[in-house]
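A.B. asks: here is a sequence with its predicted model. Questions after.
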Amino acid sequence: MKKKIISFAILFIIAATAIISGIVLFNRKEENKIKIWAWDTAVTAANAAVEKYTTINNDIKFEVVDMAQDNVVQKLNVGLASGALNSLPDIVFVEDYNLFGYIKYFEEFFVDLTSEIDSELFMPFKLNSMMQDNKLYGVPYDSGVSTMFYRYDYLTEAGYTEQDLESITWSDYIEIGQQVKATTGKDMLPIILESNMEGRIMLQSGGEWYVENDGTTLNILENESLYSTIETIKALYDADIVYDSATWDDMVSAIYNGDVATVIGACWWGPIIKEHTSLSGKWKVAKLPKMEGNSAFTHYSNLGGSSWVVLNKENKNTCIDFLKQTFASDNELINDLVESIGLVTTLKNAKNVENYNIEDDFWGGQLVYKQLVDWSEYIPSVNYGTLTYEIDSIVGIKIKEVIKNGKSIDQAIQEIYQLASLL
Amino acid sequence: MKTKKFFKYLILVPSVIFVFIFFVYPFINAIFIAFKSGRGSQLTYSGFENFFKMINDAVFKQAFSNTLLFAIIQTPIMLILALIISLCLNKTNSKTRSVFITILFIPVVISPVVYSLFFKYVFSNNGILNNILIQLNLLDNGINWFLYENYSRLIIIIACTWAWTGYYVILFSSALQRIDKNLIDAARLDGVSSVKIFFKIKLAKLFPVILFSSLIAFCGALQIYAESTLITGGKPGYSTMSLVQYIYNLSFVYIPQFGYASLLSVVLFVICISFLIIQLIVSRRYEKNNN
């Protein structure tokens, strides 16, 4: 009998705790804070923006949550698909490659900013992927403007001057690469074939993407830029000037160890290279090499880059005001961020802020950030569409098959099309 | 008497509710969702569309065959290794045995994330293995292991084997301990060879444990996720992508296709269940023969 009473008592306690904690959890009134999700340096940027904004509006509370990009994507996917908006923040940082997919499939969850934010304030290449039916759903943030970072010392040793690297084509680049390899023994550039970062850069420099401007119609079979991209990467491998990497770590250590003479990448390589202070004075930048064969091909491109979007929740008006006062207008904030995190802005007015004109000894006195922000304006506009990463993983694999297994480019493009149309 | 019975069921209620809410309901729901297609929240009933998609999906086929390959190769290697180790340990005294078993069991309790990163580091271009091979003058330049399909698969198999062998050593060792020593001594006295003793007595006595282990190991290998995601990321190509990793990608990495992902989960479930049924049939038959 005694045992029974004890068991009943335990059962009762467990049940009571469960019920009470359930009630407490469901009725918990969260303090009305504006939550922002971001990653990496965008967290610093968001915190700086919050600090500036709250000095004027000190009654509004913010919480900036630092999360890995993969986690943001995963939580956003689940939260949006299940319609559980209360599990999501008020403002979220979204990579442009993913942005159109969210707008297309979850339009009702995002705030239309058309009447609040003037899209004319931003560089045009950012806008296509965040607009649907002429409605603007994001506030553009950073540029992923792409460039050629190069080892000044290696290229000098191989007999090239800064002028020789201005506005070159990929065939010039290959010729230089072979000369560099002959004199210094160093490979010209590191590539992780399957990540297809260089491929994406080349593709957009040709003014096209995997999809048409509507964001959904595949643009693969007749895509001249894609054909040229694969052809160029193949030529780089054929010339034997590529440092073949398997992982990101390989690539970074190749740069730090001085195994490569250039990096073809987005502006965010700048801070990564600069982290290794012993490389000071050795690196410079030049315009991206251009593909040949079509007048639409340019020296300008973009890789990555992200924007801020507002979720359709009760605090949306405050969020809009916050973004309007900070990332959509505040040159002073951008100026601070240039110094603290090396931001390459896409806010047109901010491209002349003071810090872009300060010489940096690391880059041998070259006004690297000034150039990057200037080039950003010429980046061809494309709509990244809903399937960027899905198609890109196929493209990466097929390019690899062209290079390693000798598959023809036409065959590869056919296969990319077939696989992509099944997505 | 009646209250006692009632009380028994009352005690069961919380766990039954728990199982229903968190296992049965989601599973049944997944079966329904498997017949819906579309992305994000735009799911609509589409009959067998997902099924036809699966049949034509090259990535699914590749992920499926990778997973099966992992399971078919890794399970026997691991179990044979565990068997050999436990047979060796069986000869030692109990103190040595427990020390070795503890050491072998450490990987089991280490998080897959930790050992996956460790393996990634060991086999990376500037990793420990390449450094050792270069130091020994076996190589001039390091091999970029992760660029090759078969090396990448091998690394995953090594990692899984490393992590889980200890678990099966414990199972086998305790089963070996339970074998009646008199039986073996009697066989020896009768002049039965060691080989025969091993096959006819030890292995026969171990058979149920081996059967159970092979099922657990096989189903575990079919559900491999952390290793393939963290060590190789499913690369190169899709050569190391596992089925669970593909399901994860479909649900959480890209704009979600929960319908299709649910179908694949159900397929994986059916595969695991079929192996369970095969195991049950085999063990029933074994018991029948023994009796």
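C.D. replies: Great, that's in hand.
A.B. asks: burial of the closest residue to chain A within the stretch 101-250 of chain B, as a residue count?
C.D. replies: Going by Cβ to the nearest Cβ, chain A is nearest to residue B:146 of the stretch 101-250 of chain B, at 3.8 Å. In this view, the C-beta of every residue, glycine as well, is placed from N, C-alpha and C. When neighbours are counted by other Cβ atoms under 10 Å in any protein chain shown, residue B:146 registers 24.
A.B. asks: contacting residues for it?
C.D. replies: Contacts for residue B:146 (Cβ atoms under 8 Å, 6 or more residues apart in numbering or on different chains) come out as A:246, A:247, B:123, B:124, B:152, B:155, B:232, B:235, B:236.
A.B. asks: so which of the residues you listed are in helices?
C.D. replies: B:152, B:155 (DSSP state H).
A.B. asks: which of the contacts of residue B:146 lies closest to residue A:54?
C.D. replies: Nearest to residue A:54 among the contacts of residue B:146: residue A:247, at 40.8 Å, using Cβ to Cβ.
A.B. asks: doesn't residue A:190 make contact with the closest one?
C.D. replies: No - with contact defined as Cβ atoms under 8 Å, residue A:247 does not reach residue A:190; the gap is 10.8 Å.
A.B. asks: give me the element residue A:55 is part of.
C.D. replies: Using DSSP states H and E, residue A:55 falls within helix A:41-56.
A.B. asks: give the buried residues for that helix.
C.D. replies: By neighbour count, with 16 or more other Cβ atoms under 10 Å in any protein chain shown as the criterion, the buried positions of helix A:41-56 are A:41, A:42, A:43, A:44, A:45, A:46, A:48, A:49, A:50, A:52, A:53.
A.B. asks: and residue A:247 and residue A:190? which has more neighbours close in?
C.D. replies: residue A:190 (22 against 19).
A.B. asks: grab the most central residue of chain B for me.
C.D. replies: The residue lying closest to the centre of chain B (Cα atoms, centre = their mean) is residue B:220, at 2.3 Å.
A.B. asks: how many other residues sit next to the closest residue to it other than its chain neighbours?
C.D. replies: Leaving out its chain neighbours, the residue that sits closest to residue B:220 by Cβ to Cβ, 6 or more residues apart in numbering or on different chains is residue B:164, at 7.2 Å. Per other Cβ under 10 Å, the neighbour tally for residue B:164 reads 21.
A.B. asks: what secondary structure does residue B:164 sit in?
C.D. replies: When classified by DSSP: H, G, I helix; E, B strand; the rest coil, residue B:164 comes out as helix.
A.B. asks: burial check on residue 111, number of neighbours?
C.D. replies: The chain I'm using is chain A. Neighbours around residue A:111, by other Cβ under 10 Å: 21.
A.B. asks: you looked at the wrong chain, it should be chain B
C.D. replies: Residue B:111 sits with 9 neighbouring residues when counted by other Cβ under 10 Å.
A.B. asks: isn't there a helix covering residue A:220?
C.D. replies: No - counting by three-state DSSP, residue A:220 is located in no helix; its state is coil.
A.B. asks: can you pull out the helices in the stretch 51-200 of chain B?
C.D. replies: B:58-91, B:94-109, B:112-122, B:128-135, B:149-178, B:181-189, B:194-196 (DSSP state H, counting those that start in this stretch).
A.B. asks: apologies, that question was intended for the stretch 151-300 of chain A.
C.D. replies: A:152-157, A:170-184, A:197-205, A:224-238, A:248-256, A:269-274.
A.B. asks: what is the third one packed up against?
C.D. replies: When you say that, I think you mean helix A:197-205. helix A:224-238, strand A:262-266, helix A:388-405 (3 or more Cβ pairs under 8 Å, 6 or more residues apart in numbering or on different chains; DSSP states H and E).
A.B. asks: what's the closest of the ones you listed to residue A:144?
C.D. replies: Closest approach to residue A:144 among the helices and strands packed on helix A:197-205 (Cβ to Cβ): strand A:262-266, 4.2 Å.
A.B. asks: what about that closest one, average pLDDT?
C.D. replies: Strand A:262-266 comes out with an average pLDDT of 95.
A.B. asks: which secondary structure elements does that strand contact?
C.D. replies: Using 3+ Cβ pairs under 8 Å, 6+ apart: strand A:262-266 touches strand A:146-151, strand A:189-191, helix A:197-205.
A.B. asks: select, out of the ones you listed, the one closest to residue B:105.
C.D. replies: strand A:189-191 (41.0 Å).
A.B. asks: run through the neighbouring helices and strands of that closest one.
C.D. replies: helix A:224-238, strand A:242-244, helix A:248-256, strand A:262-266.
A.B. asks: worst mean pLDDT among those?
C.D. replies: Taking the mean pLDDT of those, helix A:248-256 comes last: a mean of 90.
A.B. asks: got the end-to-end distance for stretch B:186-204?
C.D. replies: 16 Å (Cα to Cα, to the nearest Å).
A.B. asks: how about whichever residue of the stretch 51-200 of chain A sits closest to chain B, what does it touch?
C.D. replies: As assessed by Cβ to the nearest Cβ, chain B sits closest to residue A:105 within the stretch 51-200 of chain A, at 3.3 Å. Going by Cβ under 8 Å, 6+ apart, residue A:105 touches A:80, A:386, B:39, B:40, B:41, B:42, B:255.
A.B. asks: nearest to residue A:356 among the residues you listed?
C.D. replies: residue A:386 (34.3 Å).
A.B. asks: what is the burial count for that closest one?
C.D. replies: Residue A:386: 24 surrounding residues under other Cβ under 10 Å.
A.B. asks: do the same with residue B:166
C.D. replies: Around residue B:166 there are 20 other residues, counting by other Cβ under 10 Å.
A.B. asks: for the closest residue to it other than its chain neighbours, what are its contacts?
C.D. replies: Residue nearest to residue B:166 in three dimensions, not counting chain neighbours: residue B:104, with 3.5 Å by Cβ to Cβ, 6+ apart. Going by Cβ under 8 Å, 6+ apart, residue B:104 touches B:85, B:165, B:166, B:169, B:170.
A.B. asks: switch to 7 Å and redo it
C.D. replies: Residues near residue B:104 by Cβ atoms under 7 Å, 6 or more residues apart in numbering or on different chains: B:165, B:166, B:169.
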